[in-house]
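Student: Sequence and computational prediction follow.
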Amino acid sequence: QVQLVESGGALVQPGGSLRLSCAASGFTLDYLHIAWFRQAPGKERERISCISSSGGSTYYADSVKGRFTISRDNAKNTVYLQMTSLKPEDTAGYYCAADRSSCFIPNMRWWGKGTLVTVSS
């Protein structure tokens, strides 16, 4: 079965850190561009980070730049999102997506079901 599975979401205090994982099964991430999105209740989905298939190029939205780091481990078929200095406004469902073409097309090919991050004291 082809799927992406996110994990690592949790309740964390402001200023804390989390590492999210996006693991693929049934296919390899090696040649795919991977993006992380988030969506908070009542808000539009936001593309927050992307890593190219080679890992040589990354993108961060202004809202997370300097606090989040995307990385990939093709040997483990997994992409990570290290989140630091978390703020209450980072509270959202976090989703990873993969596509052969780009992170910036309207609808990437494969999506996970998401993991919930709650930042609250």
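Tutor: Okay, I see it.
Student: can you pull up the bridge partners for the residue most central in space within the chain?
Tutor: The C-alpha lying nearest the average C-alpha coordinate of the chain belongs to Trp36 (C-alpha atoms, centre = their mean; 2.8 Å). Each beta-bridge partner of Trp36 is listed here: Ser49, Cys96, as defined by DSSP bridges.
Student: my read: it touches Tyr95, true?
Tutor: Yes. Here Trp36 reaches Tyr95: they are 7.2 Å apart, a contact under C-beta atoms under 8 Å. (Each C-beta comes from the backbone N, C-alpha and C, glycine too.)
Student: And the strands in the chain?
Tutor: Taking DSSP state E as the criterion, the chain contains strands spanning 3-7, 11-12, 18-25, 33-39, 46-51, 58-60, 68-73, 78-83, 92-99, 110-111, 115-119.
Student: possible to save the ones you listed as CSV with mean pLDDT?
Tutor: CSV is the format used below for those (pLDDT from 0 to 100):
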stretch, mean pLDDT
strand 3-7, 96
strand 11-12, 98
strand 18-25, 96
strand 33-39, 97
strand 46-51, 97
strand 58-60, 98
strand 68-73, 97
strand 78-83, 98
strand 92-99, 97
strand 110-111, 95
strand 115-119, 98
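Student: The residue of the chain most remote from its centre and Phe104, how far apart?
Tutor: Here the chain reaches farthest from its C-alpha mean at Ser121, the gap being 23.3 Å by C-alpha atoms, centre = their mean. According to C-beta to C-beta, to the nearest Å, Ser121 and Phe104 sit 35 Å apart.
Student: hang on, isn't Asp99 packed against Leu32?
Tutor: Yes. Distance between Asp99 and Leu32: 6.3 Å, which falls inside the contact criterion (C-beta under 8 Å).
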